[in-house]
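Visitor: Could you work out the structure for the sequence below:
(2 chains)
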Amino acid sequence: EPEVTQTPSHQVTQMGQEVILRCVPISNHLYFYWYRQILGQKVEFLVSFYNNEISEKSEIFDDQFSVERPDGSNFTLKIRSTKLEDSAMYFCASRGRTGVTGELFFGEGSRLTVL
Amino acid sequence: AQSVSQHNHHVILSEAASLELGCNYSYGGTVNLFWYVQYPGQHLQLLLKYFSGDPLVKGIKGFEAEFIKSKFSFNLRKPSVQWSDTAEYFCAPVLTGANNLFFGTGTRLTVIP
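Guide: All right, here's what the predicted structure looks like:
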């Protein structure tokens, strides 16, 4: 069964450093998402991406965050200058053209720890 | 404003007990309804979904949910839980035509063998 893959599974970084989290969505999917989950809290929407541009973003997704689909297969989330409060599990998700919004396929997540 | 409420934050049950997790939403418009599950250390997986038709929908692993439009609810049920059902469960209503999925606060289920 096709799946969404994410790398790295765990990254530890110093505050102020740049981090790039990578995702490979399911190959024929067209809509891409990033969510995050701070330990013990709910899963929060960050950003959605379609047709090579951001379609919606949350208040969390400020100027420190950016997304990119550099090569037609990867979908990346960049945090320019990490803060302690960015420590969380980041989930990538995708869905196909015919999938109803809400039928998302999630990756295993990338755990980010900011020291 | 749109909101999702999962009243039960942590539910602890013994194996074979029956389960019902509440989900209420406040959305203006037609919604599609989803339950996702997150097993310990794993990613989110779709448990079941409702789009239209029979308001009682069945999902994987013996779970079902009932859409009650008048109550704006989509409660998750299972007649007899197993230890392997220990997980976090997230309700997610989505407005028809919307692009994104917003989760409720989640309910942690612990099943004691």
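Visitor: nearest residue to residue 6 other than its sequence neighbours?
Guide: Answering for chain A, as no chain was given. A:Gly107 (3.9 Å; Cβ to Cβ, 6 or more residues apart in numbering or on different chains). Backbone N, C-alpha and C define where each C-beta goes, glycine included.
Visitor: Chain B, not that one
Guide: Using Cβ to Cβ, 6+ apart, the closest residue to B:Gln6 is B:Gly104 (4.1 Å).
Visitor: which other helices and strands contact the lowest-mean-pLDDT helix or strand in chain B?
Guide: Least confident helix or strand, chain B: strand B:3-5 with a mean of 86, by mean pLDDT, DSSP states H and E. If you count contacts as 3 or more Cβ pairs under 8 Å, 6 or more residues apart in numbering or on different chains; DSSP states H and E, strand B:3-5 packs onto strand B:24-26, strand B:87-95.
Visitor: and the residue nearest to B:Tyr27 when sequence neighbours are not counted, how far is that from B:Pro79?
Guide: Counting by Cβ to Cβ, 6+ apart, the nearest residue to B:Tyr27 once its immediate chain neighbours are dropped is B:Gln2, at 5.0 Å. Separation of B:Gln2 from B:Pro79 (Cβ to Cβ, to the nearest Å): 31 Å.
Visitor: cool, and A:Cys23?
Guide: 37 Å.
Visitor: Which residue of the two possesses the greater neighbour count?
Guide: Just comparing A:Cys23 and B:Pro79: by other Cβ atoms under 10 Å in any protein chain shown the higher neighbour count belongs to A:Cys23, 25 against 11.
Visitor: CA-only coordinates of the helix or strand where the more buried one lies in PDB, if you can.
Guide: For A:Cys23, the element it lies in under DSSP states H and E is strand A:19-24. Provided in PDB are the C-alpha atoms of strand A:19-24 (Å, rounded to 0.1, in the frame of the first residue of the first chain):
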ATOM      1  CA  VAL A  19      15.600  22.900  10.200                       C
ATOM      2  CA  ILE A  20      14.200  21.300   7.100                       C
ATOM      3  CA  LEU A  21      11.700  18.400   7.400                       C
ATOM      4  CA  ARG A  22      11.200  16.300   4.400                       C
ATOM      5  CA  CYS A  23       8.200  14.400   3.100                       C
ATOM      6  CA  VAL A  24       7.500  12.200   0.200                       C
END
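Visitor: residues in contact with it?
Guide: Contact partners of strand A:19-24, identified using Cβ atoms under 8 Å, 6 or more residues apart in numbering or on different chains, comprise A:4-8, A:11, A:13, A:32, A:34, A:73-79, A:82, A:86, A:90, A:92, A:94, A:107, A:110, A:112.
Visitor: Strand partners (parallel or antiparallel) of that strand?
Guide: Applying DSSP bridges to the sheet, strand A:19-24 is found paired with strand A:5-7 (antiparallel), strand A:75-79 (antiparallel).
Visitor: Tabulate those (TSV), appending mean neighbour count and mean pLDDT.
Guide: Shown next, in TSV, are the strands paired with strand A:19-24 (neighbours: other Cβ atoms under 10 Å in any protein chain shown; pLDDT from 0 to 100):
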stretch	mean neighbour count	mean pLDDT
strand A:5-7	17	95
strand A:75-79	20	97
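Visitor: Let's have the ones you listed in JSON lines, adding distance to B:Asn75.
Guide: Listed next are the strands paired with strand A:19-24 as JSON lines, based on distance: least, Cβ to Cβ, whole Å:
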{"stretch": "strand A:5-7", "distance to B:Asn75": "32"}
{"stretch": "strand A:75-79", "distance to B:Asn75": "34"}
